[in-house]
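Participant: Just a sequence and a predicted model for now, questions to come.
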Amino acid sequence: MKKLIYLFAFAVIFLNSCIENDDILWEKSMVEFDAATYNANSTVAGVTKDYPLLSRRPQYGRSVLTSATTSFAADTVITRTWGATNGVFRLRVNLVGAHRSEAQTISYVVVADETTAIAGTHYGTLSGKVTIPAYSSFGLVEIPILNPGAPAAGAPTSVRLVLELRGNEVLTPSPKYDRIGININQ
């Protein structure tokens, strides 16, 4: 028995090795749409898109809820009457990486070939820029939702607005989470 204990002690001491692990440090910084990281990409007319299409206002840091849970109420549906009841629609843009000592202004664009909403009819003027304040982790894109009135018979019952982050000279957009769509129900 003593030999077995000595053999085990020998094995533990001499057959154990230390592996020096290098610390992995993320040095690159990017920006992303918060809701794009929590919601799956959408399929529109049988075509899978590279962005999620939101029909409800997402809460920050979680996926959209279409029905109530024991902890949360269902998220609000995005409709043409949004502005009258909720004000400006906001999408959070996250900074992925170290905080910056200066405010960062990130540009974004409307993706024309994916958007069916009409500027000035379904949504108001967009600035094309979002600012992430110094020493902060996020900024907000503000989208004024307009009410063009009830759609005519045979007109689409919803329109789509798709945005894409472009970044700036310091921050690049995340390749997987740089686009987001919102579906405005009419």
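Facilitator: Arrived safely. Numbering: from 1, shown residues only.

Participant: part of a helix, is I5?
Facilitator: Yes: counting by DSSP: H, G, I helix; E, B strand; the rest coil, I5 is located in a helix.

Participant: Quick check: what element follows the lowest-mean-pLDDT helix or strand in the chain along the chain?
Facilitator: Least confident helix or strand, the chain: helix 2-14 with a mean of 70, by mean pLDDT, DSSP states H and E. Using DSSP states H and E, the next helix or strand after helix 2-14 towards the C-terminus is strand 30-33.

Participant: what mean pLDDT would you report for the helix or strand hosting I182?
Facilitator: If you go by DSSP H and E, I182 is part of strand 179-185. Averaging pLDDT along strand 179-185 gives 92.

Participant: Buried ones in that strand, by neighbour count?
Facilitator: Neighbour-count burial for strand 179-185, counted by 16 or more other C-beta atoms under 10 Å, picks out R179, I180, G181, I182, N183, I184. Heads up, the C-betas are built off the backbone N, CA and C, glycines and all.

Participant: what comes into contact with stretch 110-127?
Facilitator: 49, 51, 80, 108, 141-146, 148, 156, 159-164, 179, 181, 184 (C-beta atoms under 8 Å, 6 or more residues apart in numbering).

Participant: how distant is it from the center of its chain?
Facilitator: Stretch 110-127 sits 19 Å away from the centroid of its parent chain (C-alpha atoms, centre = their mean, to the nearest Å).
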